[in-house]
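K.L.:
quick one, structure for this:
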Amino acid sequence: MRVEETKAIAAALGVEVVATRTLAGGFSHETSLLELAGGGAVVARLGGPDPVVEAAVMELGRRHVPVPEVLLVLPSVAGGRPAMVLEHVAGTPLDIVLSDPGAGELRALGVEVGRVVARIGVARFDRPGFFGGPDLAVAAGPPWSEQLPAFAESSMSKVPPSRLDPAVRAAWARLCAAHAPALTGVDERARLVHADINPKNLLVTRAADGWRVDAVLDWEFAYAGCPYGDAANMLRFGADYPAGFTEGFRAGFAAQLPPDLPPDDDWAYLGRVLDMFALTDLVTRPAGHPVADRAAEEIRRWVAAGVPR
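P.N.:
Below you'll find the model as predicted:
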């Protein structure tokens, strides 16, 4: 974070920033903890596609799940990147907890995380699609079942050659086309979808009465659609998690789904088909992108199996 950016945020807050520390963040933005004169701290996120829209999504999400309060949105800081300033929420990133062999009670943690992720989908919209402005108007588009085959076909030409060979790229496009029709049953669902639910974007605490989710972070990719995609996003690299957490997450998510989204719809399979969009997009990232490389591993595994699993 540049000195002039820190000064500009301090001026907007009306308080001196006495120290900064870089936090783990996404690939499209930089995240820093700003310690304030007189005590207290805030979090500044610089960059990202559209913090004004993201701030509106976060305010909606706060009605249903724990989300940091948005304190400021600055379209340009010191003539450069946009910034969002958030309240600082205490908690431990879920990925750190899951990597701790002594964490304990991970099934209970999975249940609580699953419940929170399902509650994101309580928020409703008039139709599915992507948000077009701070009022969260949803731009109309073709159904997901129609979009997936063409999206996969066009995206495969953008994949770095070192990441996926031509045969796998062609096989992936065919696999997407084969399973896309399954989405017709959820094409019209228009609920809030976070679209980047993973252990790095959740803060948790183990309290005396059990695990608690303190915050759901990074809402920049949110859209209106089917919540099953969020479950699949969390479980995409589920082989990395302790088995108890994964089992608990599935149970908690299914139990907390809104009444009109029954789990007997085979939500796990439909979520994986929806996740094909994300995997397809991820592997187009430049060579050396670690999450894109993991996505490529998943694509090769799915292609070998012949089904999304």
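K.L.:
domain boundaries for the chain, per the record?
P.N.:
Following automatic domain parsing, the chain resolves into domains at 3-87, 92-305.
K.L.:
in a markdown table, list those along with mean neighbour count and mean pLDDT.
P.N.:
Where C-beta positions appear, they are placed from N, C-alpha and C, glycine not excepted. Output for the domains of the chain, formatted as a markdown table (neighbours: other CB atoms under 10 Å; pLDDT from 0 to 100):
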| stretch | mean neighbour count | mean pLDDT |
| --- | --- | --- |
| domain 3-87 | 17 | 92 |
| domain 92-305 | 18 | 94 |
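K.L.:
distance check, A56 against P82.
P.N.:
Distance, A56 to P82, by CB to CB, to the nearest Å: 14 Å.
K.L.:
correction: R63
P.N.:
Look at R63 and P82: by CB to CB, they are 24 Å apart.
K.L.:
check N201 too.
P.N.:
19 Å.
K.L.:
just the strands in the stretch 201-309 of the chain please.
P.N.:
202-207, 210-216, 223-225 (DSSP state E, counting those that start in this stretch).
K.L.:
in a markdown table: the ones you listed, plus distance to A190.
P.N.:
Converted to a markdown table, those look like this (distance: least, CB to CB, whole Å):
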| stretch | distance to A190 |
| --- | --- |
| strand 202-207 | 24 |
| strand 210-216 | 20 |
| strand 223-225 | 5 |
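K.L.:
nearest to V138, out of those?
P.N.:
Closest to V138 of the strands of the stretch 201-309 of the chain, according to CB to CB: strand 223-225, at 5.0 Å.
K.L.:
helices or strands next to the closest one in the packing?
P.N.:
Here strand 223-225 touches strand 130-131, strand 191-193, going by 3 or more CB pairs under 8 Å, 6 or more residues apart in numbering; DSSP states H and E.
K.L.:
with distance to P242 added, can I get these in JSON lines?
P.N.:
What follows is the helices and strands packed on strand 223-225, written out as JSON lines (distance: least, CB to CB, whole Å):
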{"stretch": "strand 130-131", "distance to P242": "34"}
{"stretch": "strand 191-193", "distance to P242": "26"}
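K.L.:
mind checking the ones you listed for the one nearest to A243?
P.N.:
strand 191-193 (26.3 Å).
K.L.:
what packs against that closest one?
P.N.:
Secondary-structure packing of strand 191-193 (3+ CB pairs under 8 Å, 6+ apart): helix 51-61, helix 106-120, strand 223-225.
K.L.:
could I get those as a markdown table with distance to P242?
P.N.:
Output for the helices and strands packed on strand 191-193, formatted as a markdown table (distance: least, CB to CB, whole Å):
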| stretch | distance to P242 |
| --- | --- |
| helix 51-61 | 27 |
| helix 106-120 | 5 |
| strand 223-225 | 29 |
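K.L.:
among those, which is nearest W302?
P.N.:
Using CB to CB, the helices and strands packed on strand 191-193 put strand 223-225 closest to W302, at 20.8 Å.
K.L.:
touching that closest one from outside, list them.
P.N.:
125, 127-131, 138, 144, 186, 189-193, 195, 274 (CB atoms under 8 Å, 6 or more residues apart in numbering).
K.L.:
cool, and stretch 80-90?
P.N.:
Stretch 80-90 is contacted from outside by 2, 5, 9, 12-13, 30, 33-34, 40-48, 50-51, 54-55, 66, 68-77, 203, 205, 214-215, using CB under 8 Å, 6+ apart.
K.L.:
let's go with 7 Å and repeat that
P.N.:
The contact list for stretch 80-90, computed with CB atoms under 7 Å, 6 or more residues apart in numbering, reads 5, 9, 13, 33, 41-48, 51, 54-55, 68-77, 203, 214-215.
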